[in-house]
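1. No letters, just coordinates:
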């Protein structure tokens, strides 16, 4: 079996020859990476090979892409593929395509080559390494065919690196310790949903409660004491030998947005469960109690109230929310009681800050920064504060054919102007973003000037003063637009969350663990809200981001990551936990 030590010690020619099958017909890549030896880890080797491609000319990159065969193309049928490509295509059944599937792939190959000038490349073994289905491959093909050329060039190169990663694992006999279990667990709870057509897991629905029970079972099997508290948080506790020891908390949320992804929030629960299972199997105890918490609610989908789970833990749960109703008129209090919880016990959940050492959360980035940097991990510096509102515009519904343009009180036209106002005001400042994510014309008709319009407003920044100034300007702008157009308006505040800086000392400890894994430390802001924001009210917090695929998309079924990235994140978190001080 080939080893990293051998690759570090052999001569450059042997190194390049040994890795000749890692990048398709491109020995120049390991040839250039050889100069960076010795590699401290497999992750460092992968990064060096990747950097050789990144630093190459575009002509060299295109040559690399064109060295790859078409999926289920003529070379595959004729048996002319490399051994590596033959095995990969067979893993997804591309050697067993139906006539219709083969025809679709043939058509897509031709269209793709015609548009981009290089073959479609996909790591057909997929994020888990087990292989994608032919249906998934064709769907990905069709989706990526819509990309712009430069974006698709970068995506094709990322797929080449994923193929190389899987091949390196095979060459070196690597068996991932944590990644496969994390990915499998994500699949299992990803199949539990409020909606048969997609993944939706809203607070206190049957699917939500079933997910909680599944997490509790895995925690028990991993060696933790487990309970589900009055707010629905799933709490696993891995105790220290000393009962008087303090507690370090890790975790994330298990609820999802409507039609969401499998890893948002849930990675931060499943990953530490895998770590605790390893510790328990080894008979290893940490010098502090470790709690893994699956927070019951963070997204605000059902009752328009975010961070319910973590606010309960911090003692900031607003009991007046218990009377808030969902779209079917069910109050939060009733939903909790139907699930077997006693809402009056929620205040008792609150932790004593003096008993805590800190809070660390692993989360997918939900953005493209790490993906574009080619890095699996990043250390979060701060979590952006968020101001969210629901804006109601009231104009006058009137006949579209008989109402002169100068006499209209068009609520939708006012909304359109507000959307552009938000875009204009929140552009040009790196950490400031503004979004109108919901826009509705209730009871609208094709031949009626809209009399009512409803829109959401979400303004975020890592700097509270910057966010507050933008909110003030947007609100002033809304008032001016509505006054000029004769529109009445109301604004309901949904969320007001301050920015949460991460603790520098915990950031440094996470960064040190990343570097010990053979990766460079890379710091980045989080534009998304996380339970760590709520936990910052009672203890120091830190976050470790993992890379997202598919352009960094999240809150979407296309949300993805790899078993390898999950595994290296688990290694880093375990190292952090063992060395925590």
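-> Cool, the structure landed. Owing to the predicted nature of the structure, the values given are computational and were not obtained by experimental measurement. Numbers count the residues shown, from 1 in each chain.
2. how close does residue 224 get to residue 37?
-> According to CB to CB, to the nearest Å, residue 224 stands 41 Å off from residue 37. (Glycine included, C-beta is placed from N, CA and C.)
3. So for these two, which residue has more residues nearby?
-> Between residue 224 and residue 37, counted using other CB atoms under 10 Å, residue 224 has the larger neighbour count: 22 against 16.
4. wait, that one sits on residue 237?
-> Yes - Residue 224 is within contact range of residue 237, at 5.7 Å (criterion: CB atoms under 8 Å).
5. list residues touching both of the two?
-> residue 292 (CB atoms under 8 Å, 6 or more residues apart in numbering).
6. Report the secondary structure state of residue 393.
-> At residue 393 the chain is in strand, as set by DSSP: H, G, I helix; E, B strand; the rest coil.
7. Number the chain from 447, please
-> Okay, residue one is now 447; in that scheme the one you just asked about reads as residue 839.
8. Count residues in the vicinity of it, would you?
-> With other CB under 10 Å as criterion, residue 839 counts 27.
9. dump the residue contacts of residue 591.
-> Contacts of residue 591 by CB under 8 Å, 6+ apart are 554, 557, 558, 561.
10. next one: phi and psi at the third one?
-> Dihedral pair for residue 558: phi -70, psi -50, per degrees, to the nearest 10.
11. What separation is there between residue 779 and residue 650?
-> Distance, residue 779 to residue 650, using CB to CB: 10 Å.
12. Please report how far the closest residue to residue 831 other than its chain neighbours lies from residue 804.
-> Excluding its sequence neighbours, the residue lying closest to residue 831 (CB to CB, 6 or more residues apart in numbering) is residue 945, at 3.7 Å. Note on residue 945: its distance to residue 804, by CB to CB, is 18 Å.
13. Likewise for residue 560?
-> Distance from residue 560 to residue 804, by CB to CB: 55 Å.
14. Report the next helix or strand after the helix or strand of the chain with the lowest mean pLDDT in sequence order.
-> Lowest by mean pLDDT, DSSP states H and E among the helices and strands of the chain is helix 520-524, with a mean of 57. Remark: after helix 520-524, the chain's next helix or strand is helix 529-537, criterion DSSP states H and E.
15. and that next one, which residues are buried?
-> 530, 531, 532, 534, 535, 537 (16 or more other CB atoms under 10 Å).
16. So what touches it?
-> Helix 529-537 is contacted from outside by 467, 470, 514-515, 517-518, 522, 525, 527, 541, 569-571, 576-577, 609, 612-613, using CB under 8 Å, 6+ apart.
17. Phi and psi next, for the nearest residue to residue 744 once chain neighbours are set aside.
-> Once flanking residues are discounted, residue 744 sits nearest to residue 699: 3.5 Å by CB to CB, 6+ apart. The phi/psi pair for residue 699 (degrees, to the nearest 10) reads phi -100, psi 150.
18. Next: residue 906.
-> phi -130, psi 150.
19. give the contact list for it.
-> Contacts of residue 906 (CB under 8 Å, 6+ apart): 830, 831, 832, 833, 878, 879, 880, 913, 973, 975.
20. ok, now with 10 Å
-> Going by CB atoms under 10 Å, 6 or more residues apart in numbering, residue 906 touches 829-834, 872, 877-881, 912-913, 916, 943, 945, 972-975.
21. and those, which of them are in helices?
-> Residues of those located in helices (DSSP state H): 912, 913, 916.
22. Quick one: neighbours of the first one, just the number.
-> Translated: residue 912. By other CB under 10 Å, 20 other residues sit near residue 912.
23. distance of it from residue 919?
-> From residue 912 to residue 919 the distance is 11 Å (CB to CB).
24. Just give me how far the helix or strand containing residue 663 sits from the chain centre.
-> For residue 663, the element it lies in under DSSP H and E is helix 652-667. Chain-centre distance of helix 652-667: 21 Å, with CA atoms, centre = their mean, to the nearest Å.
25. Equivalent analysis for stretch 660-678, please.
-> With CA atoms, centre = their mean, you get 23 Å for stretch 660-678.
26. what about residue 879, how many neighbours?
-> Neighbours around residue 879, by other CB under 10 Å: 19.
27. need the contact list for it.
-> 830, 832, 868-869, 872-873, 904-907, 913, 916, 973.
28. Who does it form a beta bridge with?
-> residue 906 (DSSP bridges).
29. thought the residue nearest to residue 831 was touching residue 830?
-> Yes - counting by CB atoms under 10 Å, residue 945 touches residue 830, with 5.8 Å between them.
30. between these two, what contacts are shared?
-> 877, 906, 907, 908, 909, 910, 912, 913, 971, 972, 979.
31. Kindly write the ChimeraX command that selects the buried subset of the contacts of residue 591.
-> To isolate the buried ones among these in ChimeraX, judged by 16+ other CB under 10 Å, type:
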select :554,558
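32. Now flag whichever of the contacts of residue 591 is closest to residue 495.
-> Compare each of the contacts of residue 591 with residue 495 using CB to CB and the shortest gap goes to residue 558, at 25.2 Å.
33. Just the buried ones among the contacts of helix 529-537, please.
-> 467, 470, 514-515, 517-518, 522, 527, 569-571, 577, 609, 612-613.
34. Okay, the residue nearest to residue 934 when sequence neighbours are not counted and residue 921: tell me how far apart.
-> Leaving aside its sequence neighbours, residue 934 sits nearest to residue 840 (CB to CB, 6+ apart; 4.3 Å). Relative to residue 921, residue 840 is positioned 17 Å away (CB to CB).
35. Any regions of this structure where pLDDT drops low?
-> In the predicted model of the chain, residues 520-526 satisfy pLDDT under 70.
36. what about 90?
-> Filtered on pLDDT under 90, the chain yields the residue ranges 447, 515-545, 547-548, 576, 750-751, 874-877, 889, 908, 940-944, 973-975.
37. ok, how many other residues are close to the closest residue to residue 893 other than its chain neighbours?
-> Excluding the flanking residues, the one nearest residue 893 by CB to CB, 6+ apart is residue 846, at 4.6 Å. Using other CB under 10 Å, residue 846 has 14 neighbouring residues.
38. Repeat that for residue 622.
-> Count around residue 622 with other CB under 10 Å applied: 20.
39. returning to that earlier point: now the ones in helices among the contacts of residue 906 in CSV, with distance to residue 787?
-> Putting the ones in helices among the contacts of residue 906 into CSV (distance: CB to CB, whole Å) gives the following:
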residue, distance to residue 787
912, 39
913, 34
916, 39
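40. out of those residues, which one sits closest to residue 898?
-> Taking the ones in helices among the contacts of residue 906 together and measuring to residue 898 by CB to CB, the closest member is residue 916, at 26.1 Å.
41. any idea how far residue 877 is from that closest one?
-> For residue 916 relative to residue 877 (CB to CB), the value is 11 Å.
42. Kindly report the same for residue 842.
-> 40 Å.
43. sorry, back to before: and for residue 916 and residue 877, which residues touch both?
-> Common neighbours of residue 916 and residue 877 (CB under 10 Å, 6+ apart) are 906, 907.
44. Of these two, which one has the most company?
-> Neighbours of residue 916 and residue 877, each counted by other CB under 10 Å, are more numerous for residue 916; the result is 21 against 15.
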